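Asker: Provided below are the primary sequence and the corresponding predicted coordinates.
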Amino acid sequence: MLIRLDQAVLEATRKLKAAGVEGARQDAGVLMTHILKADRDILYREPEKILTDSELSDFNALIDRRVNREPVAYLLGVREFWSREFIVNQHVLDPRPDTETLIAEALVQMSDADKEYRVLDLGTGSGCLILTLLAERPKATGVAIDLSADALKVAERNADKLGLSPRCDFANGPWFAPVDGLFDIIVSNPPYIPKRDAPALQPEVLDHEPHMALFAGEDGLDCYRDIISAAPDYLVAGGWLCFEVGIHQADDVKNMMQHRGFSELKITNDLASIGRCVSGRF
Ligand SMILES: C[S@@+](CC[C@H](N)C(=O)[O-])C[C@H]1O[C@@H](n2cnc3c(N)ncnc32)[C@H](O)[C@@H]1O
């Protein structure tokens, strides 16, 4: 059957809308240009292009996955973060734009571009945090930790892709268990969703992102408790601990850090004016 590009996109948009996907037309266009390995303007320049059988079946296979509410980034296999492209799949959290708030804050604490900072990233997932920091500070080195061996494989692939493998070590295990030595800065975007909030999550998140990356006990603060209690043993004098936090968690996390003896505590807002990053010095 001869199917035109515009017909395929229209039909896919209809299917996605029926499945409750927000931004159905946008997703159909993005997935079509991905399959065709073309720029966006092919949608407007060549609407009458006849798709080959394999283009059509590959496109329909991606649309079926999107109907099943798989996140677009997993379908594309990549996500842009701080202007770099990261490999992502179902083993890692799809990096969120809000997480760039933590990068902006950590770079303030790593202001000397010539310093050989030692960076520790707890719960690295795709590696987007530590690899961005190492890319921005060419003399920095670091260690990335994750409890998920599958997530670490993705982070290692990203280190290779970005040419950062020589400056980043990877270790599998819970928080500080695999860690040796002292660090100038510890960054972490740990799981922070309270278990009771699970029913309110979008299917893209609840059904497709790793639960190990999402949930943290009844109040969502369990991982902060664990990390804050041990972090001082792994920081140089005056070293920084910088967290991403969930909505309404910033004050609680700041108080926990204060009780543990951190100073110069600071909450940084994301672009929606939500307290998104808590940092402090030990
Ligand atoms: C919210 S994701 C953050 C991923 C990535 N850093 C980012 O910002 O996109 C949290 C990560 O912590 C990892 N994790 C969960 N519990 C852990 C633990 N006890 N020790 C080490 N890593 C853990 C998860 O596997 C997941 O990759």
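Answerer: Now that the structure is in, tell me what you want to look at.

Asker: per-domain residue ranges of this protein.
Answerer: The record's domain parsing of the chain by automatic domain parsing lists 5-68, 91-281.

Asker: so residue 268 touches residue 101, yeah?
Answerer: Yes - Residue 268 lies in contact with residue 101 (Cβ atoms under 8 Å); the separation is 5.8 Å. No exception for glycine: its C-beta is placed from N, CA and C like everyone else's.

Asker: which one of these two is surrounded by more residues?
Answerer: Higher neighbour count among residue 268 and residue 101: residue 101, with 23 against 17, using other Cβ atoms under 10 Å.

Asker: what sits against the more buried one?
Answerer: Residue 101 makes contact with 244, 268-271, 276-277 under the criterion Cβ atoms under 8 Å, 6 or more residues apart in numbering.

Asker: remind me which helix or strand it belongs to.
Answerer: Secondary structure assignment for residue 101, by DSSP states H and E: helix 100-109.

Asker: would you mark the buried spots in that helix?
Answerer: Judged by neighbour count (16 or more other Cβ atoms under 10 Å), helix 100-109 contains these buried residues: 100-103, 105-107, 109.

Asker: just the closest of these to residue 8, please.
Answerer: For the buried residues of helix 100-109, the minimum distance to residue 8 (Cβ to Cβ) is 34.3 Å, reached by residue 100.

Asker: and the pLDDT for the closest one?
Answerer: With respect to pLDDT, residue 100 has a value of 98.

Asker: repeat that for the one 10 residues further on.
Answerer: Among the per-residue scores, residue 110 shows a pLDDT of 98.

Asker: surely residue 16 and residue 68 touch.
Answerer: No - assessed by Cβ under 8 Å, residue 16 is found out of contact with residue 68, at 10.8 Å.

Asker: neighbour count: the two, which is higher?
Answerer: Shown here are residue 16 and residue 68; by other Cβ under 10 Å, residue 16 has more neighbours (22 against 12).

Asker: please identify the deepest-packed of the domains of the chain.
Answerer: Stretch with highest mean neighbour count among the domains of the chain: domain 91-281 (a mean of 19; mean count of other Cβ atoms under 10 Å).

Asker: so is that one next to the ligand?
Answerer: Yes - Domain 91-281 comes into contact with the ligand (Cβ under 6 Å from any ligand atom), by way of 92-93, 95, 99, 123-126, 128-129, 145-148, 151, 174-175, 189-191, 212-213.
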